[in-house]
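*Asks:* Okay, sequence plus prediction incoming.
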Amino acid sequence: MYVELCNVNKYYDTYHASKDINIGIEQGDVLALLGPSGSGKTTILRMIAGLETPDSGDIKINNTIVNTIAPRDRGIGFLFQNYALFRYMTVFENIAFGLEMQGLSKQDIKKRVTELLDLIGLSGLEKRHPSELSGGQKQRVAFARALAPRPNVLLLDEPFAAIDVKVKEELRSWLKETIKKVGITTIFVTHDQEEAVELADYIVVTNQGRVEQMGTSRDIYGAPQTPFVAQFMGKSTEVTSYRQLKGFETSIAGSSAIIRPESIKIYKKGSLKQYMSAAERGVIERILFKGNHMELWVRIGDIVTYSNADLDGMEFEVGEAVDVLIYRLYIFEHNMTHVVENSKMSTDNLYYI
Ligand SMILES: Nc1ncnc2c1ncn2[C@@H]1O[C@H](COP(=O)(O)OP(=O)(O)OP(=O)(O)O)[C@@H](O)[C@H]1O
């Protein structure tokens, strides 16, 4: 592992902000720290940076314990959400800042800044001041400034938080490509699962100061180990009376289960040609227009859940009686998650529904 946290604990007075954190990232990989506000993501990032000191445990970079090494000597570059560019410096001066601190010659500084301007696609704008740049351009300059001294690790704290939605999407894919091009080990904090899934090779899900799960986004989405992770990754419905559902009567007696919207399909009453024995009777409670799709909320007994529907698919009305197929549940039993398919449906035939 290139960056590693081993049994790390951090208290703010009596508040236990990081609880026995064990995570690692290989050289060149991108890791997302993903969790709700207050779950301890930034505290982990700040400890890696050296801006906070752990109360116990070790932080290692390239196999060296760095607990007592000053932030500037850890070989780390930072990028924060609010750009933090120096307002009175030009783009060139901002990018050159860390290089001057390193005492590089004027000639070497010029060479490196030119190289970075090319990397961020802003060659020609070096004389501008931050006030003459768009939000996305400012963030690119901040990225170049963080990379200029050739750090071994890049830390990003909510890098897109202050950027508007459209620019954010563009900037995200640009950042992903650029990080991979440079090949730098990167750790970033986000509360946005879409951002984590798009950018990261590995995701660490944090909750109440703990690591709930670490893995690829596919692992975390497809095999959530805790109810928290299952609900945090994608919107879903938690149910306790899931054994009343057709096809799940003999399922494991767990504490609760999650129904994901993609595991449900809603049909016009009587239109189902197969799997009638697996179908529930439901009533449409709410229809929400979501721009490129609809959300159909349906009541099945005391369970209210929802699925997504195409805009050009079947049309439904609130109050309409419908047939509902539930393909799969994620059932939680102690610390285990079971992915359970509907026993009344043969998976061989799923594609013909
Ligand atoms: N310097 C501090 N002193 C006291 N408590 C702190 C300090 N910094 C953070 N905390 C507390 O520690 C907990 C974790 O904070 P942290 O900033 O790590 O969470 P986060 O997941 O990054 O949240 P956010 O997304 O809101 O930034 C929070 O309850 C926060 O109030």
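*Replies:* Looks like it arrived, so ask away.
*Asks:* Write out the residues of this structure neighbouring the ligand.
*Replies:* 12, 15, 17, 35, 37-43, 189, 191 (CB under 6 Å from any ligand atom). All C-beta atoms are positioned from the backbone trio N, CA, C, and that covers glycine.
*Asks:* at 5 Å instead, please
*Replies:* 12, 17, 37-43 (CB under 5 Å from any ligand atom).
*Asks:* ok, how many other residues are close to T53?
*Replies:* Neighbour count for T53, taken as other CB atoms under 10 Å: 11.
*Asks:* again with G247
*Replies:* When neighbours are counted by other CB under 10 Å, G247 registers 22.
*Asks:* Test my guess that it contacts S343.
*Replies:* Yes - counting by CB atoms under 8 Å, S343 is a contact partner of G247 at 4.9 Å.
*Asks:* Now secondary structure and neighbour count too, for the residues of the chain next to the ligand, in TSV please.
*Replies:* Shown next, in TSV, are the residues of the chain next to the ligand (DSSP: H, G, I helix; E, B strand; the rest coil; neighbours: other CB atoms under 10 Å):
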residue	secondary structure	neighbour count
Y12	strand	11
A17	strand	20
S37	coil	7
G38	coil	14
S39	coil	23
G40	coil	21
K41	helix	25
T42	helix	18
T43	helix	22
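*Asks:* Which two among those residues are spaced furthest apart?
*Replies:* Checked with CB to CB, these reach their widest spread between Y12 and S37, with 15.5 Å between them.
*Asks:* Could I get the contacting residues of the residue in the stretch 101-250 of the chain that the ligand sits nearest to?
*Replies:* Residue nearest to the ligand within the stretch 101-250 of the chain (CB to the nearest ligand atom): H191, separated by 5.2 Å. Counting by CB atoms under 8 Å, 6 or more residues apart in numbering, H191 touches 34-37, 41, 158.
*Asks:* same question, N152
*Replies:* Counting by CB under 8 Å, 6+ apart, N152 has contacts 2, 61-62, 75-76, 184-185.
*Asks:* and what of K10?
*Replies:* Neighbouring residues of K10 by CB under 8 Å, 6+ apart: 16-18, 43, 47, 52, 54-55.
*Asks:* can you tell me the helix or strand for it?
*Replies:* K10 is part of strand 3-12, with elements assigned from DSSP states H and E.
*Asks:* what's the neighbour count on V167?
*Replies:* Neighbour count of V167, defined by other CB under 10 Å: 15.
*Asks:* can you pull the pLDDT of it?
*Replies:* pLDDT recorded at V167 is 78.
*Asks:* where does it land in three-state SS?
*Replies:* Following DSSP: H, G, I helix; E, B strand; the rest coil, we place V167 in the helix state.
*Asks:* Could you find the closest non-adjacent residue to it?
*Replies:* Distance criterion CB to CB, 6 or more residues apart in numbering; nearest residue to V167, sequence neighbours excluded, is G136 at 4.3 Å.
*Asks:* Are we agreed that K138 is in a helix?
*Replies:* Yes - if the criterion is three-state DSSP, then K138 is within a helix.
*Asks:* okay but it is in contact with A84, surely?
*Replies:* No - taking contacts as CB under 8 Å, K138 lies outside contact range of A84: 9.5 Å.
*Asks:* Between the two, which is the more surrounded one?
*Replies:* More neighbours surround K138 than the other of K138 and A84, with 21 against 15 (other CB under 10 Å).
*Asks:* quick one, domains of the protein?
*Replies:* Here the domain parsing of the chain from the TED database is 3-231, 235-345.
*Asks:* could you give me the average pLDDT of the last one?
*Replies:* The pLDDT scores in domain 235-345 average 88.
*Asks:* So for it, first residue to last residue, what's the gap.
*Replies:* End-to-end span of domain 235-345 (CA to CA, to the nearest Å): 24 Å.
*Asks:* ditto for the first one
*Replies:* Between the opening and closing residues of domain 3-231 we find a distance of 29 Å, counting by CA to CA.
*Asks:* With adjacent residues omitted, what lies nearest to K127?
*Replies:* T90 (5.4 Å).
*Asks:* right, I mislabeled it, should have said K60
*Replies:* Among residues not flanking K60 along the chain, E4 sits closest, at 4.4 Å (CB to CB, 6+ apart).
*Asks:* I163 too?
*Replies:* I163 sits nearest to G135 (CB to CB, 6+ apart), 5.0 Å away.
*Asks:* now swap in H129 and tell me
*Replies:* H129 sits nearest to T90 (CB to CB, 6+ apart), 6.0 Å away.
*Asks:* So how do I select the buried members of the contacts of N152 in PyMOL?
*Replies:* Buried members of the contacts of N152, defined by 16 or more other CB atoms under 10 Å, are picked up in PyMOL with:
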select buried, resi 2+61+76+184+185
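*Asks:* Where do the strands of the stretch 101-250 of the chain begin and end?
*Replies:* If DSSP state E, counting those that start in this stretch is used as the criterion, the strands of the stretch 101-250 of the chain fall at 153-157, 185-190, 202-207, 210-215, 237-239.
*Asks:* try the stretch 251-353 of the chain
*Replies:* For the stretch 251-353 of the chain, the strands defined by DSSP E, counting those that start in this stretch occupy 256-259, 264-268, 280-289, 294-300, 303-309, 321-326, 328-333, 336-341.
*Asks:* Relative to the shortest one, what are the paired strands and their orientations?
*Replies:* Translated: strand 256-259. strand 237-239 (antiparallel), strand 328-333 (antiparallel) (DSSP bridges).
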